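*Asks:* Kindly generate the corresponding structure for this input.
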Amino acid sequence: MKEVSFRILSNRPLTGEVFEMKLSGDVSDFRGPGQFAEVALPGFFLRRPISAADLGENSLTLIYKTVGKGTGSMSRLTPGAELSILTGLGNGYDLSRAGETPLLIGGGVGVPPLYLLAKRLREEGKAVRAILGFNTKSEIFYEEEFRALGAGVTVTTVDGSAGTKGFVTDALPEKPGYFYACGPLPMLRAVYRAVPGAGEFSLEERMGCGFGACMGCTIETASGPKRVCRDGPVFRKEELLWGK
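*Replies:* Below you'll find the predicted structure:
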């Protein structure tokens, strides 16, 4: 973990509530997909934890949803502004377990970290399959970006306005293989029940510090209490107690 000053290159809406921010700065502390950053916003005490959606040589892409005053303020920041960001936080996905046909399952703002994961897996020659779930057509983002990587993409919408009608669990392949999932907790629990095989889940919890000092994001796991920010946010399926 290090604190880095980043300069905003662009900050644009992808949907009515979801924004993509591209920044330039030192990203050397990031080890891989699934890790996150803690963004300090002017006028707000607590930093905002946001997963890395993409990493370049000296660039970082963050995708976030405006859910409160902090992220609302973030959406109004303009190119050229500087932000203090803690980088390379948490433990990400284990790519060594992917197999040849990994399945990526994302819901809403759980989609962004899976884009970086898909990018890295495609660089390794894996036949990536992605299921991206949204409530309605107007909320869909990054579908074409996944396709441009060469991933096989299935989109689901709850109201049936685009893609497959229903939830991500309604579009699961007959043989899912090893999977990686990120999204809201009800979706993750549904995937946990629906997919019999092994996989990994990226969890969302309210965080105070983002690096394990405050213990505010602790959950119970098969091996005892774990901090989502430091021991996660990615956990293997067998670590979670949702089936107990």
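*Asks:* Beyond the longest strand along the chain, next helix or strand please.
*Replies:* When the chain is scanned for its longest strand (criterion: DSSP state E), the result is strand 2-13. Scanning forward in sequence from strand 2-13 by DSSP states H and E, the next helix or strand is strand 18-24.
*Asks:* Can you give me the buried ones in that following strand?
*Replies:* Going by neighbour count (16 or more other CB atoms under 10 Å), the buried part of strand 18-24 is 18-23. Where you see a C-beta, it was placed from the backbone N, CA and C, and this is true even at glycine.
*Asks:* Just give the number of residues close to residue 197.
*Replies:* Residues lying near residue 197 (other CB atoms under 10 Å) number 12.
*Asks:* what about the closest residue to it other than its chain neighbours, distance to residue 91?
*Replies:* Leaving aside its chain neighbours, residue 197 sits nearest to residue 176 (6.0 Å; criterion: CB to CB, 6 or more residues apart in numbering). Plainly put, residue 176 is 23 Å away from residue 91 if you go by CB to CB, to the nearest Å.
*Asks:* What of residue 112?
*Replies:* From residue 112 over to residue 91 the distance is 17 Å, taken as CB to CB.
*Asks:* higher neighbour count, these two?
*Replies:* residue 112 (26 against 16).
*Asks:* The more buried one and residue 164, how far apart?
*Replies:* From residue 112 to residue 164 the distance is 21 Å (CB to CB).
*Asks:* quick one, helices of the chain?
*Replies:* 69-75, 112-123, 143-148, 185-194 (DSSP state H).
*Asks:* And the first one, what does it pack against?
*Replies:* Yep, that's helix 69-75 we're talking about. Secondary-structure packing of helix 69-75 (3 or more CB pairs under 8 Å, 6 or more residues apart in numbering; DSSP states H and E): strand 2-13, strand 18-24, strand 48-55, strand 59-65.
*Asks:* For residue 203, find the nearest of those strands.
*Replies:* strand 48-55 (11.2 Å; CB to CB).
*Asks:* contacts for that closest one?
*Replies:* 20, 27, 30, 33-39, 41, 60-64, 70-71, 74, 89, 112-113, 115-116, 119, 182, 202, 207, 210, 229, 233 (CB atoms under 8 Å, 6 or more residues apart in numbering).
*Asks:* Could you list the alpha-carbon positions for it in CSV?
*Replies:* Extracted as CSV, the C-alpha positions of strand 48-55 are listed here (Å, rounded to 0.1, in the frame of the first residue of the first chain):
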residue,chain,number,x,y,z
ARG,A,48,-14.1,5.9,-0.7
PRO,A,49,-13.0,2.3,-1.6
ILE,A,50,-13.3,1.6,-5.3
SER,A,51,-12.0,-1.5,-7.2
ALA,A,52,-9.5,-1.1,-10.0
ALA,A,53,-11.4,-1.6,-13.3
ASP,A,54,-8.2,-1.3,-15.4
LEU,A,55,-4.5,-0.6,-15.0
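*Asks:* Next up, the contacts around residue 173.
*Replies:* 103, 129.
*Asks:* Over to the one 5 residues further on?
*Replies:* With contacts taken as CB under 8 Å, 6+ apart, residue 178 has the following neighbours: 97-99, 102-103, 197-199.
*Asks:* So which of the residues you listed sits lowest on pLDDT?
*Replies:* Lowest pLDDT among those: residue 197, with 91.
*Asks:* which regions of the protein sit below the pLDDT cut-off?
*Replies:* Applying pLDDT under 70 to the chain flags residues 1, 205-216, 244.
*Asks:* Can you give the domain ranges for it?
*Replies:* Split into domains by automatic domain parsing, the chain comes to 2-89, 95-202.
*Asks:* Run a quick neighbour tally on the residue lying closest to residue 116 once chain neighbours are set aside.
*Replies:* Among residues not flanking residue 116 along the chain, residue 33 sits closest, at 4.3 Å (CB to CB, 6+ apart). Residue 33 is flanked by 28 other residues according to other CB under 10 Å.
*Asks:* Perfect, I'm done here.
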